[in-house]
Each structure stands twice: as structure tokens, then as C-alpha cells.
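Participant: Attaching a predicted model along with its sequence, questions to come.
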Amino acid sequence: MDQHSAPPGPGPAPASPAPAPGGEAAAGVYRGPRTAGPPPTNPVAVAVRRLRAVKWPRARLTGLGTGLLTTVVTVLGGAVDSFLFDGPGVLFGVVFVAVSIVGAVYVRPYDLVAAPVAAPIAFAAGIALTADDGNGGLAGHLIGVFTGLALMTGWLYTGTVLAALIVAVRALLRPSRRRRSRRCSAAPRGRSGR
């Protein structure tokens, strides 16, 4: 019998092989998807995460197109309201708020400022073209315009503020498109082939 052989039986366990270079991924061990940490509990962070997940419709309107859409639809809403109810009223206000929201959603990212700027202009044009003149000529029409502007400021503020909020959210969620210099580029550096 060889003196150098160990007797069979319980003994120390054989050493496990050393981990492969490169960590667990190189060794073929899958530990599940990596997460950056627990989901945020801050309500503002949760709201921002949900807003980023919203699929916004593709913006197609230029600044001029947004202004024209808002003005034309607002004037038509005022004309229908004047025809049915003798002067712009609730129908005019609802149409104005709705078209202000649509303009803010569909304006292209380069012209985001156009939506909140076009809203009060469209409102003033709608009131000026559809205000009740009270059969008093030009003076009666001017009095009707100022009365309409004074009585319907709630609709004006609502449409303009909603358009501004939608545009602000879209601007915040828009990815930064600054051009990076070659020194800061993520591409690996190397010699150019000549």
C-alpha cells in the first residue's frame, strides 16, 4: 500500500474552481435583471416617471399652423354660439379650451412657445368677431367686445394656462439634443484609416 495516499472517508471538500475573469456574467450565472434601486416613493418622482411613460401623439403643427388652428376653430365656435345663443358664452369657452389643449399637444417641439401665445390671440379674435353689438353700431360693438372680454376671462385663463402647462411638461420630458464635441464623444478613440 502506498504511504502517500489518503484513506477513504470524510475529509476536506475539494476547493471550488476560481471565478472566471469578468465576474458572474462570464461564469454563466444569471442573477436576474439589474435594477437601479427600489422604485421611487416620492410622489413627484412617481408622477414624472408616469408622464415619461405616456405615449404622446406625434407633433405635426408648426407655430403658424397652431395659431391658425386655434384662431379658426375659436372663431367658428364663437360664431355658432352667437347664432344659437345671441353672443359668445359657454359653448365658445369650451371650444376655446379644447382647441388650446389640442394646439399644445400637437405643436412640434421646435415651436412649443406658439401654443400658449396663440391662445389669447385666438380668444381676442373670437370675441372681436362674434361679440354682440346690441344694435348700437361701432360703439355698441366695442362695448360688446370689452364686456365679452371682461365676463369670459375665466375661459381665457383656463385655456391659456392649460396650454402653457402642457407645453412645459413636453419641454421637460424632451430629451436633450445638444451636440457633443469629438473629445466628449462616447465613441472609442483610435487612428483614422488612411
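Facilitator: Looks like it came in fine.

Participant: where does this protein dip in pLDDT?
Facilitator: For the chain, applying pLDDT under 70 flags the ranges 1-40, 56-57, 59, 133-134, 176-194.

Participant: Tell me the secondary structure at residue 132.
Facilitator: Residue 132 carries the three-state label coil when classified by DSSP: H, G, I helix; E, B strand; the rest coil.

Participant: List the contacts of it.
Facilitator: Neighbouring residues of residue 132 by C-beta atoms under 8 Å, 6 or more residues apart in numbering: 82, 86-87, 144, 148. Backbone N, C-alpha and C define where each C-beta goes, glycine included.

Participant: Can you tell me which helices and strands the helix ranked longest in the chain packs against?
Facilitator: Determined from DSSP state H, the single longest helix within the chain is helix 63-85. Secondary-structure packing of helix 63-85 (3 or more C-beta pairs under 8 Å, 6 or more residues apart in numbering; DSSP states H and E): helix 90-106, helix 114-130.

Participant: Looking at the contacts of residue 132, which one is closest to residue 104?
Facilitator: Using C-beta to C-beta, residue 148 comes nearest to residue 104 of the contacts of residue 132, at 23.4 Å.

Participant: which ones are touching the closest one?
Facilitator: So residue 148 contacts 87-88, 127, 131-132 (C-beta under 8 Å, 6+ apart).

Participant: Tell me how far it lies from residue 84.
Facilitator: Going from residue 148 to residue 84 by C-beta to C-beta, to the nearest Å gives 16 Å.

Participant: So what touches the longest helix of the chain?
Facilitator: 61, 87-92, 94-96, 99-100, 102-103, 106-107, 111, 113-115, 117-119, 121-123, 125-127, 129-130, 132.

Participant: ok, now with 7 Å
Facilitator: For helix 63-85, the external contacting residues (C-beta atoms under 7 Å, 6 or more residues apart in numbering) are 61, 88-89, 91-92, 95-96, 99-100, 103, 107, 111, 114-115, 118-119, 121-123, 125-127, 129-130.

Participant: List the buried residues in it.
Facilitator: The neighbour-count check on helix 63-85 (16 or more other C-beta atoms under 10 Å) flags 63, 65-67, 69-71, 73-75, 77-78, 81-82 as buried.

Participant: Pull the number of nearby residues for residue 55.
Facilitator: Number of residues near residue 55 (other C-beta atoms under 10 Å) recorded here: 5.

Participant: for it, helix, strand, or coil?
Facilitator: With three-state DSSP as the basis, residue 55 sits in coil.

Participant: Brilliant, that's me finished.
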